[in-house]
Every structure is written in C-alpha cells, then in structure tokens.
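Undergrad: 3D model of this:
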Amino acid sequence: MKNEVEIARYSEVPEAEVARGLLQSHGIDVFLQRDDAGGMEPPLHLGEGLRLLVPAEQAQRARQILAEAQKDAAADAARRGEKTGD
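TA: Prediction:
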C-alpha cells in the first residue's frame with residue numbers, strides 16, 4: 001500500500017480486527033500493522049499498539065466510518081444502561 005496513513009491505534013487484537021473488518025466491508029483498503037514477531041510474541045504490540053493504516057485518499061472516509069460505529073455502539077450501550085470505554 002502506497003501513501004498510507006494511520007487512522008487508529010488499538011491495544012487489543014480483537015478490537016483492531018473488528019475495525020479492519022468494518023472498513024473492509026465498506027470498500028476501504030486497510031492494513032493492520034503490528035509488531036509481535038509474526039505472532040510469536042503477542043505482548044510486543046503493547047508498546048506501540050496495533051496500527052490501522054489506509055491509503056491517504058481513503059483516510060477521511062475511514063475515520064468517519066469508525067467514528068459513526070463508535071457513536072452507534074455508545075448509543076446502544078446507553079440504551080442498555082451500560083458504560084462504554086470512552
């Protein structure tokens with residue numbers, strides 16, 4: 001991927017994978033960069049986090065998709081009387 005920019009950073013693999021899947025489902029080219037020695041040392045990513053990268057020309061749309069999803073999740077949690085991580 002050329003000209004990619006970081007649009008989000010996560011500390012947990014499942015959360016990063018969900019975000020990547022959401023973006024892919026919207027036609028966004030996305031790459032999840034992690035430094036965990038190819039999966040051999042999972043704790044290594046804790047220092048830098050898991051970086052979600054997209055082409056610069058898709059970054060604004062990708063950020064909007066993630067923001068909307070986060071807003072929807074917070075609204076759903078509020079309806080159920082739960083707290084979110086925000």
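
Undergrad: Can you show me the strands along this protein?
TA: Using DSSP state E, the strands of the chain run over residues 4-10, 31-33, 50-55.

Undergrad: what helices or strands is the longest one leaning on?
TA: Packed against strand 4-10 by the contact rule (3 or more Cβ pairs under 8 Å, 6 or more residues apart in numbering; DSSP states H and E) you find helix 13-25, strand 50-55, helix 59-80. Every C-beta, even on glycine, is put in place using the N, C-alpha and C of the backbone.

Undergrad: Then the last one?
TA: The elements that strand 50-55 packs onto, with contact taken as 3+ Cβ pairs under 8 Å, 6+ apart, are strand 4-10, helix 13-25, strand 31-33.

Undergrad: Distance from stretch 3-23 to the middle of the chain?
TA: Put simply, stretch 3-23 sits 2 Å off its chain's centre (Cα atoms, centre = their mean, to the nearest Å).

Undergrad: Surely residue 49 is in contact with residue 8?
TA: No - applying Cβ atoms under 8 Å as the test, residue 49 and residue 8 come out as separate, 9.2 Å apart.
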